[in-house]
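In: Give the three-dimensional model of this entry:
(4 chains)
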Number of protein chains: 2
Amino acid sequence: MSHAKKKSPAAAQPGLTMADLAKLAGVSKITVSRALGDSPLVTAETRERIQALARKHGYKLNVSARNLRLRRSHTVAVIVEMKPSSSRTMWDPYPLSLLGGISQELTSAGYSVLLTTRHDAANAAVQAADGLILLGQGEHEDAVKLYDRMGLPMVVWGAESAQDNHIVVGSDNRHSGVSVAERFLSIGRRHPVFIGNSDHPEMAQRLHGFVDELAGHGIKPLLLRRVDWTLESGVEAVRSLAARKVHFDSIFACSDLLAMGAIRALVELGLSVPNDVSVVGYDDTPHGASFLPPLSSVRQNWQEGGVLLARKVLALIDGLPVSSQVLPTSLVVRAT
Amino acid sequence: MSHAKKKSPAAAQPGLTMADLAKLAGVSKITVSRALGDSPLVTAETRERIQALARKHGYKLNVSARNLRLRRSHTVAVIVEMKPSSSRTMWDPYPLSLLGGISQELTSAGYSVLLTTRHDAANAAVQAADGLILLGQGEHEDAVKLYDRMGLPMVVWGAESAQDNHIVVGSDNRHSGVSVAERFLSIGRRHPVFIGNSDHPEMAQRLHGFVDELAGHGIKPLLLRRVDWTLESGVEAVRSLAARKVHFDSIFACSDLLAMGAIRALVELGLSVPNDVSVVGYDDTPHGASFLPPLSSVRQNWQEGGVLLARKVLALIDGLPVSSQVLPTSLVVRAT
DNA sequence: CGATATCAAGATATCGATATCATTCGTTGC
DNA sequence: GCAACGAATGATATCGATATCTTGATATCG
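Out: Numbers count the residues shown, from 1 in each chain, chains lettered A, B, ... in the order given. Now for the predicted structure:
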């Protein structure tokens, strides 16, 4: 028989405690706590001395103990709505840029980022979080209710809607639509098409802005509903327009991939971009910018959005007044 | 003077404790603990009763308390090497797919995913993690040492290297190189070019496989060093080849963007793809697949990689024997 | 000079869960 | 009929930090 013993799981390292430091410094542990916490209740001299000692011995705070005592976790859960096989979810660069901003801001404020997917949100650790950030594209309606029930400070990325009353940070989708309409009008386009999903809150706002601005000039765009945001979907969209013999001279697509697909189909049909048809995409992806011809697109600032999301949860956690916010977008005009 | 008081930060919700449940059930709190933990030390009957009670009252475990007592955090930190303005980091879809797999696997094992960037890795919460997953592209050398010092179970995504002895999960970069070489040979190419950065461990292995396989047929490819993985970089690479009047008939590029840039430059030069020059990219991105002409590319399975990374940290945490692993890649042949 | 304010630091209780040792009760065996 | 046993449960100590209340020493004032 073997005497090979299974290594003890998660072998707890020796690690000093405050009590140890206290003994070393010849003070009580509460003094150590205060010294390390930069409390004004200890002399500058002893504070220095104890902090130096802590550094020297590589003291590490036990986060669990502090969190238990303080009854908070110093953690914000980020819930990513991840439909396993959908076209645009966690796999795309978007939420990731948001995550970057969030992570940067939260960690520099001493908070941790707990990453979860919708499915795991019942997780005990999520419930222990001090706050919630919800990332997802239009899947909110029911989800929000679920999380709201947890009674945690929560901030959502997306489009603000009238009926729900949680804090929302998102891009100015409406203005994006207006900008694109203005652009089309300024270059004399009179028969615009909108490709996207009007059930999606963010896209719906883009559509509204687009429609309203055009309406001011007596123009009514054609709405071409597309659920998928893929290149193929864009191709099909334009083909269906051609099949229906619709006359159009400009396309506002709700994603760069849709736009690129549309352009490809236009070229197939012998139409010239931008001479015959102008096309504007959304998200200003690197691929769109490198496309031939380089794609005009609406850019949103994901990273800044992430930072804002983080700041707002933190403010909520601190009990400060917080309001929703929309971030400006910019239309990047390139060749199309 | 105002009596408007700042809302108490992080107002601790009432939330039942095990002691409360115990009182309700008329048992001791330790029995509650055992019942909720499915311990065999309590009757099936009382276990059911207490679990029902817990459900009914919406009892939530206090994670901090448990972690403190058990001296572990049930958390794995994922450290993303995030060079702020680099071309391929957290902003790209890659680490995100990995994250998806990691998150899925860890949460279903009852662990939490703590997301951090390299810069914040000194963070107390990271040090409290039970394990570490390091994501990054070739930035490991120094970083690994740093994290190793923390003495935590650690798993790294990337290329296995001889000198360091930590667990690595990654794609079979060498085999990818071999596959591409075989492909070029099978279609009669004799003058291949490799575009990439040989200082990058993963790319270096691709290069080795490529070179070795070709060497078996008496062919020595040209190495064109490119640090950036952008489309522009691909364009410049091919232009420089043309400027130097190099004769070549095939290109293995270390990213799809590089490959697409290369193709664009080739077209500009009046060369036909794939008639004059074959091109293979890397990562099999959606954009590459939708490129015109559709790009041939090497696909790696990010999500499965994520799952594996997670499983291996968990195994390490449990003190089980763990070894590095390479995942198969596949060459997706399309039009180029 | 005595009384009070001020300041640094200590003693103790506490956060909520679980490991360990102790207890109770009903069984079983001889 | 009694000892020994085992199953179910309980009592207590503990994880490591911090809030609160005290204590002791020094400074300030009339």
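In: Pick out the residue in the stretch 151-300 of chain A sitting closest to DNA strand D.
Out: DNA strand D sits closest to residue A:153 of the stretch 151-300 of chain A, with a gap of 19.8 Å, by CB to the nearest atom of the strand. Placement of C-beta: from N, CA and C, glycine included.
In: pretty sure that residue is touching residue A:134, no?
Out: No. In this structure, residue A:153 is not within contact of residue A:134 by CB atoms under 8 Å, at 11.5 Å.
In: which bits of chain A sit near DNA strand D?
Out: Counting by CB under 7 Å from any atom of the strand, the residues of chain A lying close to DNA strand D are A:15, A:17-19, A:29-30, A:33, A:36-37, A:60-62, A:65-66, A:68-70.
In: What subset of the residues you listed is buried?
Out: For the residues of chain A next to DNA strand D, a burial check counting by 16 or more other CB atoms under 10 Å in any protein chain shown picks out A:17-18, A:33, A:36, A:61-62, A:65-66, A:68.
In: how about residue A:207, what does it touch?
Out: By CB atoms under 8 Å, 6 or more residues apart in numbering or on different chains, the contact set of residue A:207 is A:177, A:194, A:196, A:198, A:223.
In: what's the distance between the nearest residue to the fourth one once chain neighbours are set aside and residue A:214?
Out: Read that as residue A:198. Nearest residue to residue A:198 in three dimensions, chain neighbours excluded: residue A:204, at 5.0 Å (CB to CB, 6 or more residues apart in numbering or on different chains). Distance of residue A:204 to residue A:214, computed by CB to CB, to the nearest Å: 16 Å.
In: Can you pick out the residue with more neighbours from these two?
Out: Higher neighbour count among residue A:204 and residue A:214: residue A:214, with 23 against 19, using other CB atoms under 10 Å in any protein chain shown.
In: give me the element the more buried one is part of.
Out: Per DSSP states H and E, residue A:214 falls inside helix A:201-215.
In: That helix: what's the following helix or strand?
Out: strand A:222-225.
In: after that next one, next one along is what?
Out: Strand A:222-225 is succeeded, C-terminally, by helix A:231-243 (DSSP H and E).
In: Quick one: list the elements packing against that next one.
Out: With contacts taken as 3 or more CB pairs under 8 Å, 6 or more residues apart in numbering or on different chains; DSSP states H and E, helix A:231-243 sits against strand A:192-196, strand A:222-225, strand A:250-253, helix A:256-268, helix B:286-290.
In: Distance from it to the middle of the chain?
Out: Mean-position distance between helix A:231-243 and its chain equals 29 Å (CA atoms, centre = their mean, to the nearest Å).
In: Now do it against strand A:192-196, angle only.
Out: Comparing the axes of helix A:231-243 and strand A:192-196 via axes from the mean of the first three to the mean of the last three CA atoms, to 10 degrees yields an angle of 140 degrees.
In: Helices along the stretch 1-150 of chain A, start to end?
Out: Along the stretch 1-150 of chain A, the stretches classed as helices by DSSP state H, counting those that start in this stretch are A:18-25, A:29-36, A:44-57, A:63-70, A:93-108, A:124-127, A:140-148.
In: out of those, deepest packed?
Out: Mean neighbour count (mean count of other CB atoms under 10 Å in any protein chain shown) peaks for helix A:93-108 among those, with a mean of 23.
In: Is that helix in proximity to chain B?
Out: Yes. Using CB under 8 Å from any CB of the partner chain, helix A:93-108 reaches chain B at A:93, A:95-97, A:99-100, A:103-104, A:107-108.
In: from those residues, which single one is nearest residue A:300?
Out: residue A:97 (9.5 Å; CB to CB).
In: what's the most distant pair in the buried ones among the residues of chain A next to DNA strand D?
Out: Farthest apart among these - using CB to CB - are A:36 and A:68, which lie 17.2 Å from each other.
In: thought residue A:257 was touching residue B:289?
Out: No. With contact defined as CB under 8 Å, residue A:257 does not reach residue B:289; the gap is 11.1 Å.
In: Domain parsing of chain A, as residue ranges.
Out: A:18-61, A:75-171+A:302-328, A:173-299 (automatic domain parsing).
In: And those domains: which comes nearest residue B:272?
Out: domain A:173-299 (15.9 Å).
In: Give me the distance between the two termini of the closest one.
Out: This stretch, domain A:173-299, spans 11 Å end to end (CA to CA, to the nearest Å).
In: Excluding chain neighbours, what is closest to the spatially most central residue of chain A?
Out: The structure's chain A has its C-alpha centroid closest to residue A:98; by CA atoms, centre = their mean the separation is 3.8 Å. Take residue A:98 and drop its neighbours on the chain: the residue closest to it by CB to CB, 6+ apart is residue A:306, 4.1 Å away.
In: Could you pull up the residues touching that neighbour?
Out: Residues in contact with residue A:306 (CB under 8 Å, 6+ apart) are A:97-105.
In: before we move on, what SS does it have?
Out: helix (DSSP: H, G, I helix; E, B strand; the rest coil).
In: Pull up the gap between it and residue A:203, please.
Out: Distance from residue A:306 to residue A:203, by CB to CB: 21 Å.
In: Next up, the contacts around residue A:120.
Out: Taking CB under 8 Å, 6+ apart as the test, what residue A:120 contacts is A:126, B:103, B:107-108.
In: Sketch out the low-pLDDT regions of the stretch 151-300 of chain A for me.
Out: Where the stretch 151-300 of chain A drops to pLDDT under 70, the residues are A:162-163.
In: Residue of it closest to DNA strand C, please.
Out: Ranking the residues of the stretch 151-300 of chain A by distance to DNA strand C (CB to the nearest atom of the strand) places residue A:151 first, at 15.3 Å.
In: How many residues are close by that residue?
Out: Neighbour tally, residue A:151, other CB under 10 Å: 10.
In: In three-state terms, how would it be classified?
Out: Once three-state DSSP is applied, residue A:151 turns out coil.
In: picking up where we left off before, with the buried ones among the residues of chain A next to DNA strand D in mind, which one is nearest to residue B:269?
Out: Closest to residue B:269, out of all of those and judged by CB to CB, is residue A:61, at 60.9 Å.
In: ok so, going back, can you lay out the helices of the stretch 1-150 of chain A as JSON lines showing mean pLDDT and distance to DNA strand C?
Out: Below are those laid out as JSON lines (pLDDT from 0 to 100; distance: least, CB to the nearest atom of the strand, whole Å):
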{"stretch": "helix A:18-25", "mean pLDDT": "91", "distance to DNA strand C": "7"}
{"stretch": "helix A:29-36", "mean pLDDT": "92", "distance to DNA strand C": "3"}
{"stretch": "helix A:44-57", "mean pLDDT": "91", "distance to DNA strand C": "4"}
{"stretch": "helix A:63-70", "mean pLDDT": "93", "distance to DNA strand C": "4"}
{"stretch": "helix A:93-108", "mean pLDDT": "82", "distance to DNA strand C": "24"}
{"stretch": "helix A:124-127", "mean pLDDT": "82", "distance to DNA strand C": "10"}
{"stretch": "helix A:140-148", "mean pLDDT": "72", "distance to DNA strand C": "21"}
